[in-house]
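>>> Task: produce atomic coordinates for the following.
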Amino acid sequence: MAQPSINFGPKANQTVVSVHTIGVLTEILNAANLDSCLITSTSRTPQDQARIMFNNIVNKGVAAQKSLYRAPGKAVIDEFVKAKNAGKNSDQIKAAMEAKIRSLGPANVSHHCADPSTLNVVDISPSSLSNKTAFEKATKASQAKGAVSKFLTPGNNDPAYHLEIPQPKADA
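Okay, here's the model as predicted:
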């Protein structure tokens, strides 16, 4: 089988995706007999996370977004509501959300904000996969082997496949 193609969307930071993660994704694509995938999101700064959460709240609503997050993420969404109710403009709301993300610890809000040297997080566009069932089966097998620590499928207002791939510890 030819080497599968792993492509990156315009907002995905390719530089933080490790060789190890590319290897794990390649194994998954090969096991699923898929020739490519599109990564739409990777590591995020707190500012990026605030912008993405802001846009998702505006587009999908507060309740839909609260269903995706644990307590720290819900607190950031509450910050959106508080700032909006106070008459703040979109830039001020995003700044308030970013400040809340920083105060809570960015990785506590979203693993997309985790240190990419210890955890790579990638979102993969479902429309980029010719066989979603095979991809899900291969990813779950990779998860069972410990190569993928968390795997979320599209649904519950999240449009992408979300994979968390622990990085090997660097030798001292």
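>>> hang on, residue 120 in a helix?
No. Residue 120 is assigned strand when assessed by DSSP: H, G, I helix; E, B strand; the rest coil, not a helix.
>>> Give the bridge partners for it, please.
On DSSP bridges, the residues paired with residue 120 through beta bridges are residue 165.
>>> gap between it and residue 96?
29 Å (C-beta to C-beta, to the nearest Å). Every residue, glycine included, has its C-beta placed from N, CA and C.
>>> averaged over its residues, what pLDDT does stretch 45-53 have?
Stretch 45-53 carries an average pLDDT of 95.
>>> Buried residues, that stretch. List them.
For stretch 45-53, the neighbour count (16 or more other C-beta atoms under 10 Å) marks 46, 48-51, 53 as buried.
>>> repeat for stretch 136-149
136, 138-139, 142-143, 147-148.
>>> quick check: mean pLDDT across it?
Stretch 136-149 comes out at a mean pLDDT of 97.
>>> OK, contacts around residue 110?
For residue 110, the contacting residues are 44, 49, 69, 73, by C-beta atoms under 8 Å, 6 or more residues apart in numbering.
>>> Model confidence for the third one, exactly?
Predicted confidence (pLDDT) for residue 69: 90.
>>> how about it, secondary structure?
Assigned by three-state DSSP, the conformation of residue 69 is coil.
>>> For it, give its distance to residue 135.
Relative to residue 135, residue 69 is positioned 25 Å away (C-beta to C-beta).
>>> The last one too?
Counting by C-beta to C-beta, the gap between residue 73 and residue 135 amounts to 26 Å.
>>> more neighbours, these two?
residue 135 (23 against 20; other C-beta atoms under 10 Å).
>>> For that one, grab phi and psi.
Main-chain dihedrals, residue 135, degrees, to the nearest 10: phi -60, psi -50.
>>> surely it meets residue 129?
Yes. Between residue 135 and residue 129 there is a contact under C-beta atoms under 8 Å: 4.9 Å.
>>> all strands of this protein, in order?
Counting by DSSP state E, the chain has strands at residues 5-8, 36-41, 119-124, 150-152, 161-166.
>>> and residue 1, what pLDDT?
Predicted confidence (pLDDT) for residue 1: 57.
>>> still on that earlier bit, name the residues contacting each of residue 135 and residue 129.
32, 34, 37, 161.
>>> Between the residues you listed, which sits nearest residue 60?
Comparing the shared contacts of residue 135 and residue 129 against residue 60 with C-beta to C-beta places residue 161 closest, at 18.0 Å.
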